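Asks: Show me the folded form of this:
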Amino acid sequence: MKSLKNKVIVITGGGQGLGKATAKELSKDGANVILADINDEAARQSVTELTVNGEQLESVHLDVGDAKNVEQVFTDIINKYGTIDILINNAGTDVTKSITDLEVAEWDKVLKTNLYGAFHTTKKFFELIGDQGGHIVNISSTAAKGAWENAAAYHASKWGLLGFSHAMHVEGRAKNIKVTALIAGGMKTPFIMDRFPEAEPNLQDPKNVAETIRYTLLQPDETVIPEVMVIPINETSWP
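Replies: Model (predicted):
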């Protein structure tokens, strides 16, 4: 397997939940991990908490839904490190409402973060790294494989992200860019626990998903995992 030592890794939504767990897992390998989050305080606190044995972590403010902000942040990272080796599109949000109650602004917010955000960051990644190669991991969901009520915007965004990931897998070949869609089942993160605390017995530790992300990144140069699913054994949303 390859090494992640000194690799430059950007994790969107890195301030908490799966993003934080992934930052912890990858920084142990000696990577330069950048927690890019719209919540500056959460990202800063995570960097402080995770830097215990000389790990190379930093936080940056990033609104993935803002194309100009994405361009500036990615350009700044390239100027500092000379490259971005790995991009993990983890930023996500949801609005739990029926279609009749869902406001247009709420629909736009979910799609802007979950789908347009991945588009903005991926486009900039492709543009900036040239033909040197790299790896993108898009965090999708079992919401891209099935459906449940009061989650129309979330389903639309995650089904779209899965399709986008496979399209980028095809386009990335010419630039030696690997693209992986990681379909995560329910996790013990604020994203779920703050809204559905009763679900905890059926959820998985985000560390387990972070370890799978690491596994996909460590595959040999000639191998890519285009899609992988990691779900709790008691997950009922799929199949």
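Asks: phi, psi of the spatially most distant residue from the centre of the chain?
Replies: Ranked by distance from the centre of the chain (C-alpha atoms, centre = their mean), the top residue is Thr100, with 29.5 Å. Backbone torsions of Thr100, given as degrees, to the nearest 10, read phi -70, psi -20.
Asks: how deep is Ser140 tucked in, by neighbour count?
Replies: Neighbour count of Ser140, defined by other C-beta atoms under 10 Å: 28. C-beta coordinates here come from the backbone N, C-alpha and C atoms, glycine included.
Asks: let's number from 29 now, not from 1
Replies: Right, with 29 as the first residue, what we last looked at is Ser168.
Asks: Does it touch Ile211 like I think?
Replies: Yes: counting by C-beta atoms under 8 Å, Ser168 touches Ile211, with 4.8 Å between them.
Asks: who touches both of those two?
Replies: Leu190 (C-beta atoms under 8 Å, 6 or more residues apart in numbering).
Asks: per-residue pLDDT, the residue farthest from the centre of the chain?
Replies: Thr128 is assigned a predicted lDDT (pLDDT) of 98.
Asks: Asn262: neighbour count?
Replies: 12.
Asks: Wait, a strand at it?
Replies: No: assigned with DSSP: H, G, I helix; E, B strand; the rest coil, Asn262 falls outside any strand and is coil.
Asks: Next, the contact list for it, please.
Replies: Going by C-beta under 8 Å, 6+ apart, Asn262 touches Pro229, Asn230.
Asks: ok, now the one 3 residues further on?
Replies: Residues in contact with Ser265, defined by C-beta under 8 Å, 6+ apart, are Thr170, Ala171, Gly174, Trp176, Gly213, Gly214.
Asks: Tell me the one of those residues nearest Glu53?
Replies: Glu53 lies nearest to Gly213 out of the contacts of Ser265, by C-beta to C-beta, at 17.7 Å.
Asks: nearest residue to the closest one other than its sequence neighbours?
Replies: Leaving out its chain neighbours, the residue that sits closest to Gly213 by C-beta to C-beta, 6 or more residues apart in numbering is Ile259, at 2.9 Å.
Asks: unless I'm mixing things up, the one you found is touching Asn236, no?
Replies: No: assessed by C-beta under 8 Å, Ile259 is found out of contact with Asn236, at 9.9 Å.
Asks: where along the protein do the helices fall?
Replies: Under the criterion DSSP state H, helices of the chain are mapped to 45-55, 68-78, 95-109, 132-139, 145-157, 180-200, 218-221, 234-245.
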